[in-house]
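S.K.: Using only what follows, build the 3D model:
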Amino acid sequence: MDTANLTAFLAVAETASFSRAAELLHLTQPAISKRIASLEQQLNCRLFDRIGRHVGLTEAGLALQPRALQITHALADTRRALSNLSQEVQGRVSMATSHHIGLHRLPPILREFTQTYPDVALDIQFLDSEIAYEKVLHGDIELAVITLAPAFEAPIIAERIWNDPLDFVVAPDHPLAHSSPLTLSRLCEYPAVFPGANTFTRGIVSQLFSQAGLQPHISMSTNYMETIKMMVSIGLAWSVLPRTMVDWQVKALTLHDASLERQLGVIWHSGRTLSNAGHAFIRLLKDNAKGSGLLLSPAQTIV
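M.R.: Next comes the predicted model:
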């Protein structure tokens with residue numbers, strides 16, 4: 001069975017389109033069609049139903065998909081393991097990072113990495129932390145630098161890199177900006193804009209209020225911290241932002257009964273062989289954080 005045909009099959013299954021699969025693999029659409037036809041002939045069954053412009057997996061296609069993923073992942077892992085024997089740092093690193101970390105934490109690290117290892121191609125996807133986690137879990141990418149969940153289970157390995165203090169913030173002219181004393185219950189009297197319901201950060205903030213027996217008045221939510229900052233700065237609501245984002249546009253509040261912090265770090269799959277380039281990137285992350293005094297002790301590594 002030709003692995004190129006399996007790769008084409010997985011691309012069509014993922015995109016539900018022969019043309020988009022062709023773009024994804026940098027091939028022509030006839031080449032994709034030829035590979036699918038060849039695979040269907042080898043397996044003696046139809047893998048896709050083509051009804052008009054709609055492309056969907058048949059029962060046989062649904063059965064093949066997880067097995068094709070296992071085969072392609074195993075082959076890629078074998079190639080990495082053999083390539084690692086050379087000890088050279090080269091090739092490609094597929095990784096994901098959240099928009100916030102990509103903007104506020106990673107630029108100097110990425111710059112140093114590309115200067116130190118010019119033979120490595122970085123394939124970076126900017127994703128919500130929760131989506132990046134799923135991508136690593138399913139073997140679609142090698143590693144991810146994200147907001148960490150409070151706990152991880154095998155097969156994911158997570159290493160904390162940065163402490164990321166969170167501040168309650170309002171617009172400088174918001175009624176809460178000059179109110180004292182401030183408490184969680186006082187915040188609940190005003191509208192809030194929160195991170196998306198399924199985000200790790202939302203879980204951290206919601207847990208704080210839940211433990212106090214309070215329910216904040218959430219009028220809006222979004223996954224993008226820059227959007228939250230904008231909505232806070234024009235006075236629409238209060239919110240929580242990483243301290244690294246607090247400037248003249250918003251005012252940080254001091255609460256006597258609450259403090260918040262999240263952890264940012266790197267995750268990878270324990271069952272996947274990290275490339276030499278992947279190992280080098282993780283080492284650089286740790287060295288950078290250690291140099292800034294932000295790296296946690298090894299005993300606090302999440303496994």
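S.K.: alpha carbons only for contacts and neighbour counts from here, please
M.R.: Fine.
S.K.: tell me the contacts of the closest residue to G102 other than its chain neighbours?
M.R.: Spatially, and ignoring its direct neighbours in sequence, G102 is nearest to F126 (7.4 Å; C-alpha to C-alpha, 6 or more residues apart in numbering). F126 makes contact with A96, T97, S98, H99, G102, according to C-alpha atoms under 8 Å, 6 or more residues apart in numbering.
S.K.: can you check Q65 too?
M.R.: L10, A13.
S.K.: next one: phi and psi at it?
M.R.: The phi/psi pair for Q65 (degrees, to the nearest 10) reads phi -50, psi -50.
S.K.: Ok, L166 next?
M.R.: phi -110, psi 140.
S.K.: hang on, the earlier thing: how close does the residue nearest to G102 get to T116?
M.R.: Relative to T116, F126 is positioned 23 Å away (C-alpha to C-alpha, to the nearest Å).
S.K.: Next, format the contacts of F126 as a markdown table and append secondary structure, pLDDT and neighbour count.
M.R.: Shown next, in a markdown table, are those (DSSP: H, G, I helix; E, B strand; the rest coil; pLDDT from 0 to 100; neighbours: other C-alpha atoms under 10 Å):
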| residue | secondary structure | pLDDT | neighbour count |
| --- | --- | --- | --- |
| A96 | strand | 96 | 27 |
| T97 | strand | 96 | 25 |
| S98 | coil | 92 | 20 |
| H99 | helix | 90 | 19 |
| G102 | helix | 92 | 18 |
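S.K.: Distance to E88 for the residues you listed - can I get that in JSON lines?
M.R.: Putting the contacts of F126 into JSON lines (distance: C-alpha to C-alpha, whole Å) gives the following:
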{"residue": "A96", "distance to E88": "23"}
{"residue": "T97", "distance to E88": "25"}
{"residue": "S98", "distance to E88": "28"}
{"residue": "H99", "distance to E88": "30"}
{"residue": "G102", "distance to E88": "26"}
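S.K.: Tell me how the protein divides into domains.
M.R.: Using automatic domain parsing, the domain parsing of the chain gives 3-83, 89-303.
S.K.: Could you measure from Q42 over to A21?
M.R.: Q42 is 20 Å from A21, by C-alpha to C-alpha.
S.K.: So which of these two has more stuff around it?
M.R.: A21 (24 against 11; other C-alpha atoms under 10 Å).
S.K.: The more buried one is in contact with I32, isn't it?
M.R.: Yes: if you go by C-alpha atoms under 8 Å, A21 and I32 touch, sitting 7.5 Å apart.
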